[in-house]
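sequence and predicted model, in that order:
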Amino acid sequence: QVQLVESGGGLVQPGGSLRLSCAASGFTFTIYVMRWYRQAPGKERELVASISSAGGNTDYADSVKGRFTISRDNAKNTVYLQMNSLKPEDTAVYYCNAVRIPLGYWGQGTQVTVSS
């Protein structure tokens, strides 16, 4: 069955870094656009970053541009989110999303907490 399994979340101090991973299985990863979303308590889920199926095109929310980098390894069916210069407002549950209209899949999420 389809699985998206996120890992790499945790507690980090402001200014620190984390690398999230999302391992995919059960579908043809290489033809799906991959996205990272996040949802903070009391807020709507927001799109953080996306990457095209071959990895040649990326896009970011203004709030993370220059700090976050999305990448993918199609040989490993894995997408990554490198997060640098983390801020308290980056605290959220981060979700991996695979999309190829009309299909879409979600992971369970991984908690990222930025606090001193």
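All right, it came through fine.

host element of the closest residue to Ala61 other than its chain neighbours?
For Ala61, ignoring the flanking residues on the chain, the nearest one in space by C-beta to C-beta, 6 or more residues apart in numbering is Val48 at 5.4 Å. For the C-beta atoms, the positions are set from N, CA and C on the backbone; glycine is no exception. Assessed by DSSP states H and E, Val48 sits inside strand 46-51.

try Arg35
Element membership of Arg35, judged by DSSP H and E, is strand 33-39.

give the contact list for the residue sitting nearest the centre point of the chain.
The residue lying closest to the centre of the chain (C-alpha atoms, centre = their mean) is Trp36, at 3.0 Å. Contact analysis of Trp36 by C-beta atoms under 8 Å, 6 or more residues apart in numbering lists 20, 22, 47-50, 70, 79, 81, 94-97.

wait, the residue nearest to Ala61 touches Tyr60, no?
Yes. Applying C-beta atoms under 8 Å, one finds Val48 in contact with Tyr60, separated by 7.2 Å.

now do the shared contacts for the two.
Common contact partners of Val48 and Tyr60 (C-beta under 8 Å, 6+ apart): Phe68.

in the helix or strand of the chain with the lowest mean pLDDT, what counts as buried?
Taking mean pLDDT, DSSP states H and E as the measure, the chain has strand 103-106 as its least confident helix or strand, at a mean of 95. By 16 or more other C-beta atoms under 10 Å, the buried positions in strand 103-106 come out as 105-106.

partner strands of the next helix or strand after that strand, with direction?
Once the chain leaves strand 103-106, the next helix or strand it forms, by DSSP H and E, is strand 110-114. Strand 110-114 pairs in its sheet with strand 10-12 (parallel), strand 92-100 (antiparallel), by DSSP bridges.

for the longest one, list the C-alpha coordinates in CSV.
Which is strand 92-100. The C-alpha trace of strand 92-100 is given here as CSV (Å, rounded to 0.1, in the frame of the first residue of the first chain):
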residue,chain,number,x,y,z
ALA,A,92,4.8,23.0,13.4
VAL,A,93,4.0,19.5,12.3
TYR,A,94,5.6,19.0,8.9
TYR,A,95,3.9,16.8,6.3
CYS,A,96,5.1,15.2,3.2
ASN,A,97,2.7,15.2,0.2
ALA,A,98,2.8,13.4,-3.1
VAL,A,99,0.6,14.7,-5.9
ARG,A,100,-0.2,13.7,-9.5
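
good, we can wrap up now.
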